[in-house]
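Undergrad: generate coordinates for the sequence data below:
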Amino acid sequence: MAETVASALQWAQQTLSECDDSVIDSKVLLAHVLERTQTWLYTWPDYTLTAAQWQQFQLLVARRNSGEPVAYLTGVRAFWTLELATSPATLIPRPETELLVESALELMPEGASRVCDLGTGTGAVALAIASERPELAVTGADLQPDAVALARANALRNQVGNARFIESSWFEALSGKFDMIVSNPPYVEADSEYLEKGDVRFEPRSALVAGADGLDDIRIIVAAAPEFLCAGGWVLLEHGFNQADAIQTLLHAAGFKQIHTRKDLAGHARITGGCWQTCE
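TA: So this is what the prediction gives:
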């Protein structure tokens, strides 16, 4: 018996019943297979899948049922106003990281400015900021060559021309001073149970884990940031729900002012930043 859009979705939702987002995941995967939008699925519930489409859909649902992230199965993820290509070489862009973009745009001075996104991954944060402010010069840096290549491809995909991406271990390959430094660095504790849950199991550990307390990379960024910031420049960091106090202490010790933390929609402390008041 041939499968229709309606029957295929019903089967997938039952198969993925133990997943938190079985309904959404089923629609995203079927829309991907059919190369249609989710709205189209609603409009054409009686459309009959070809044998090849049904086979591909079954394979993707089986892989999702084993835990593989939807963003890796489809190769794309929406972030801000962008559609980003994804790969197992980078973290999957998450909605809560949009708060980092929002915070950066609110604090960004008017006119031409230089912005640096450390640990850029897919380029999500850098490209979102650059897409909103064409007058900015945005640099995304990442240690992994595959991530840099992916970010460059995403810039072309989204026609963002004012962002460049380079290979760099944090500040190592950077020069000059920036008006803002943003980062969603690794911040998960090495022994965290979080690492064994959901999509995280399939993401690169190097982009997640930062020592026993999750702050190793943030310490490096905070210590070095003053050398690369103009007077009045900001550093903004995404972090775990229980790390805000420790990061505020690090920023204060490094000489930053106007230190503050913003909470995400779930009420968790998510973004902490500070303003650099001196410039050599």
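
Undergrad: and the helices in the protein?
TA: For the chain, the helices defined by DSSP state H occupy 5-15, 22-34, 38-43, 51-65, 70-74, 98-107, 124-132, 145-157, 216-224, 244-254.

Undergrad: could these go into TSV alongside distance to Ser169 and mean neighbour count?
TA: C-beta here means a position set from N, CA and C on the backbone, and glycine is covered the same way. Output for the helices of the chain, formatted as TSV (distance: least, CB to CB, whole Å; neighbours: other CB atoms under 10 Å):
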stretch	distance to Ser169	mean neighbour count
helix 5-15	42	17
helix 22-34	35	20
helix 38-43	40	13
helix 51-65	33	16
helix 70-74	25	20
helix 98-107	21	18
helix 124-132	17	26
helix 145-157	12	19
helix 216-224	9	19
helix 244-254	19	17
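
Undergrad: and those as TSV, adding distance to Leu195 and mean pLDDT?
TA: Formatted as TSV, the helices of the chain follow (distance: least, CB to CB, whole Å; pLDDT from 0 to 100):
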stretch	distance to Leu195	mean pLDDT
helix 5-15	26	96
helix 22-34	22	95
helix 38-43	31	94
helix 51-65	20	96
helix 70-74	17	95
helix 98-107	22	97
helix 124-132	21	98
helix 145-157	20	97
helix 216-224	15	97
helix 244-254	20	97
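
Undergrad: out of the ones you listed, which gets nearest to Arg262?
TA: Ranking those by proximity to Arg262 (CB to CB) places helix 98-107 first, at 5.9 Å.

Undergrad: tell me what that closest one is packed against?
TA: Applying 3 or more CB pairs under 8 Å, 6 or more residues apart in numbering; DSSP states H and E, one finds that helix 98-107 makes contact with helix 124-132, strand 178-183, strand 229-238, strand 269-276.

Undergrad: what angle do the last one and strand 178-183 make?
TA: It stands for strand 269-276. Strand 269-276 runs at 160 degrees relative to strand 178-183, counting by axes from the mean of the first three to the mean of the last three CA atoms, to 10 degrees.

Undergrad: between strand 229-238 and strand 269-276, find me the angle.
TA: Here the directions of strand 269-276 and strand 229-238 differ by 170 degrees (the same axes, to 10 degrees).

Undergrad: run a quick neighbour tally on Val188.
TA: When neighbours are counted by other CB atoms under 10 Å, Val188 registers 17.
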